[in-house]
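>>> how does the following fold in three dimensions:
(one chain, ligands or ions: 1)
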Amino acid sequence: MAQYSRVRGSVALLRLTNPPVNALSAAVSRDLERAVRSACADSAVRVLVLRGHGGTFCGGADIRELAGLVDVPFRVGVSSLVALVDAVEAAEKPVVAAIEGVALGGGLELALGCHFRIAHGQARLGLPEVTLGLLPAAGGTQRLPRLVGFPAALELVATGRDVSAEEALALGLVDHVTDGDVEEAAVEFARRVADEPLASRRLSTRPPPRPADLDTLLQVALERAQRRARGALAPVACVQAVRAAATLPFTQGLQLEQELMAALLPSNQARAMQYCFFAQRIVGKWSLPGGANWRNSPARAVSRAAVIGLGTMGRGIAVSLVRAGIPVVAMETDEKQLRVVTAMLEREAAKQRRSPDSYLQLVQFTLERRDLGDADLVVEAVFEDLALKKRLFAELSSSCRPDTLLCSNTSALDVDALAAATRRPELVVGMHFFAPAHVMKLLEVVCGARSSPVAVATAMQLGKRLGKVSVAVANCPGFAGNRMLKPYVEQASFLLEEGATPQQVDAVLEDFGFAMGVFRMSDLSGLDVGWRVREEAGLAGPTVPPGESARRRHGCRYSPLADLLCEHGRLGQKTGRGWYLYEGPGGRAATPDPWLHDFLDQYRRRHGLRPRRIDQQEVLERCLYALANEGFRILEEGVAAGPEDIDTIYVLGYGWPAHRGGPMYHVAAVGLPAVLSRLEHFRRLHPDVPQLRPSALLRHLVAEGSPPISRWRELLKGLRSQL
Ligand SMILES: C/C=C(\C)C(=O)SCCNC(=O)CCNC(=O)[C@H](O)C(C)(C)COP(=O)(O)OP(=O)(O)OC[C@H]1O[C@@H](n2cnc3c(N)ncnc32)[C@H](O)[C@@H]1OP(=O)(O)O
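Residues are numbered from 1 along each chain as shown. You can find the predicted model right below:
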């Protein structure tokens, strides 16, 4: 796990070895501490270099121990790590960290215990504990501000953002960056500093910097964390811990860090966020009914891609590809869009501290389909119209290379119908990106009935290369994410009919932790998007069969409220009014609109609906249980392989708060029998709403004694699977 050898005579080279990411389990921390002590006691050693194994320094404390997934009490893991970092810092001989790959969480805290830090140019450093519902608890909250100052420390600890080696150097987080061999550079550096006094290099003994505006800075940081946390405990605790470094001596600050950690570690929020971490890894392990899976199906290399259509989605996809270093041929007829993409690429290059040319030269704009000829993969992102897409896919299958993968960014349309329009249905998959596509971490990979393993593997792998989490789902209307959104949005509209207001519903959902309530979200996306889909489905507009009543479709309850707003030209932010009123077209600040309240009153009167008082609990239960109930149906039909897939989709694609784990995790945490009984209750009250009828899978799980969510995936294997 941790050995040391002597190199260049007097340098002890310590190698931290715990594949795949050299996580610091309790045993590994203890072992490394022993190795550090032995090296320090070796009279032939003047200086120590600490490095990782397999191209990475350290991915932090072992999250399986923290999450209670292995048989080691979590406090043992954290206290062994604290002891290790303290021992490294107290060493009487200089210790130099040689960082390549990543130094994250406890890995960076270990590096902060070292007296010097050398990083490879491609390395990434950060303290992501907040994303696990925790805080850096091995002295990181106390050492980091002493090294990089409070503004940077507050930001890095509270957001969990990682930084490049270049940014780390600019912040003073590392002493030197090399593009060569990091071990060699560290050994060379170590020999130079072997005789330097260490007192000032021990961060625990350094006085923290005290800028004149420190109090204001700390107060602002705390308020910002409280505002942005949306009920999450960890970001606020992170700021409180860093703030302690400004007001308390190191040992007392450390003690507060431990106390805050002791409160976070066993919390439901930390459990939920650690579940999300592992869920995001589980979803990469896809399989198809024929036996093909992530292990036995190699992806094809993508060295050139094409994007068709540079609207909102297409340009985000093009930017993601370029950022990953993949040359792109982009086809678009509207010159205005080319200028928008160019500006986006320039901004992205600046953000990554790259020259604009390094990105721009990777894009070739074209109007000619023949220029797509040598792309390994084409992503279509044209208008959401099945006939148009089918035509395009038919043409692509004649004009592209016979082995080119044809991918559609459709968010709901039938991928099998697109495949059937081509001569190579096995090379067609859905790649459903989320807007803005260069920002959002989710990719739904839609496996059609005829998609080949290589097509699925390539799309999944490409998502990972673009920095996204890819989730494989089967083809059905709306796939997993948008299909579940439908009952959620419908319940919200029914609640308006029954007496609620958009701001009341949104406030409840935002208090729950959603980034935006359902109505603000709908105003942002544009009400016309759903309107078009409903028109195509014969639910709205001229396609509704004559004689159908306004509030019923196909014998079930229907709310035409959103359609009526569209008919009034209220399409959301883009028109300056939707469910809310905005400053003007394109405005972002939502204010309640008296017009809308009159409109709702009139609507209710017209349909003989007596408004009633609706409490928070009902809003939450009806919206969220209807959504999760659809999730159970998706699992029962085999559209998604497990609850982890659905939860990952909702946390990364739909703003579900990570500290609540995801919809399936949430209902499991509430208790399946309780959720079933509430759905049965709502179903009795609303017999004409099929989405409230409890799914067979939910009933089955309750009948089986409500097994823990970690067992559902296995249980589902016995059911029908399309994946
Ligand atoms: C108090 C708390 C303290 C002090 C902490 O340190 S908490 C941990 C903080 N560290 C992190 O949050 C980093 C988490 N890991 C990652 O971000 C990434 O895994 C990575 C950047 C380190 C590597 O990414 P990648 O190459 O894409 O690999 P995977 O993410 O797929 O991971 C590979 C397998 O390693 C397992 N893993 C990763 N990190 C840890 C960890 N810290 N502890 C335990 N296990 C870890 C991960 O689950 C994958 O496992 P399998 O799915 O292959 O079984």
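
>>> now the closest residue to the ligand within the stretch 101-250 of the chain. Its backbone dihedrals?
Residue nearest to the ligand within the stretch 101-250 of the chain (CB to the nearest ligand atom): Gly105, separated by 2.4 Å. Heads up, the C-betas are built off the backbone N, CA and C, glycines and all. Dihedral angles of Gly105 (phi, psi; degrees, to the nearest 10) stand at phi 50, psi -130.

>>> Leu338 now?
According to degrees, to the nearest 10, Leu338 has phi -60, psi -40.

>>> that one: neighbouring residues, count only.
Leu338: 16 surrounding residues under other CB atoms under 10 Å.

>>> which SSE is the closest residue to it other than its chain neighbours in?
Excluding its sequence neighbours, the residue lying closest to Leu338 (CB to CB, 6 or more residues apart in numbering) is Phe365, at 5.3 Å. Element membership for Phe365, per DSSP states H and E: strand 363-366.

>>> now the following helix or strand past that strand: mean pLDDT?
Using DSSP H and E, the helix or strand that directly follows strand 363-366 along the chain is strand 377-380. Averaged over strand 377-380, pLDDT sits at 97.

>>> any idea how this structure splits into domains?
Per the record, the chain has its domains at 2-266, 297-478, 500-606, 616-719, by automatic domain parsing.

>>> and the gap between Gly555 and the ligand?
Distance of Gly555 to the ligand, given as CB to the nearest ligand atom, to the nearest Å: 46 Å.

>>> where does the residue nearest to that residue when sequence neighbours are not counted land on pLDDT?
The shortest distance from Gly555 to any residue other than its chain neighbours is 7.5 Å, reached at Asp688 (CB to CB, 6+ apart). Asp688 carries a pLDDT value of 96.

>>> ditto for the one 5 residues further on
Predicted confidence (pLDDT) for Arg693: 97.

>>> my guess is it contacts Phe682, does it?
No - using CB atoms under 8 Å, Arg693 is not in contact with Phe682, being 9.6 Å away.

>>> of these two, who's got more company?
Legend: neighbour count by other CB under 10 Å for Arg693 and Phe682, higher for Phe682 (21 against 15).

>>> contacting residues around that one?
With contact taken as CB atoms under 8 Å, 6 or more residues apart in numbering, Phe682 is in contact with 621-622, 625, 689, 692.

>>> which parts of the stretch 201-350 of the chain are helices?
214-229, 234-247, 250-264, 268-282, 312-323, 335-351 (DSSP state H, counting those that start in this stretch).

>>> ok, for Leu652, nearest residue in space, not its chain neighbours?
Using CB to CB, 6+ apart and skipping the chain neighbours, the partner closest in space to Leu652 is Leu442 (3.9 Å).

>>> near the ligand, which residues of the chain?
Contact residues, the chain versus the ligand (CB under 6 Å from any ligand atom): 20-21, 23, 59-64, 66, 78, 81, 102, 104-106, 128-129, 132, 134, 136-138, 281.

>>> could you export stretch 671-691 as CSV, CA atoms only?
Extracted as CSV, the C-alpha positions of stretch 671-691 are listed here (Å, rounded to 0.1, in the frame of the first residue of the first chain):
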residue,chain,number,x,y,z
GLY,A,671,-40.8,4.6,3.1
LEU,A,672,-42.4,2.7,0.2
PRO,A,673,-45.5,1.7,2.2
ALA,A,674,-46.2,5.4,3.1
VAL,A,675,-45.7,6.5,-0.5
LEU,A,676,-48.0,3.7,-1.7
SER,A,677,-50.7,4.6,0.8
ARG,A,678,-50.6,8.3,-0.2
LEU,A,679,-50.8,7.4,-3.9
GLU,A,680,-53.8,5.2,-3.2
HIS,A,681,-55.4,8.1,-1.3
PHE,A,682,-54.8,10.5,-4.2
ARG,A,683,-56.0,7.9,-6.7
ARG,A,684,-59.3,7.6,-4.7
LEU,A,685,-59.7,11.4,-4.8
HIS,A,686,-58.8,11.6,-8.5
PRO,A,687,-59.9,8.4,-10.2
ASP,A,688,-59.5,10.0,-13.7
VAL,A,689,-55.8,10.6,-13.3
PRO,A,690,-54.0,7.3,-14.2
GLN,A,691,-50.6,8.6,-13.2
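
>>> count residues in the vicinity of the closest residue to the ligand within the stretch 201-350 of the chain, would you?
Here the stretch 201-350 of the chain gets closest to the ligand at one residue, Arg281, 3.8 Å apart by CB to the nearest ligand atom. By other CB under 10 Å, the residues close to Arg281 number 11.

>>> ok, the one 3 residues further on next?
The tally of other residues near Gly284 (other CB under 10 Å) stands at 16.
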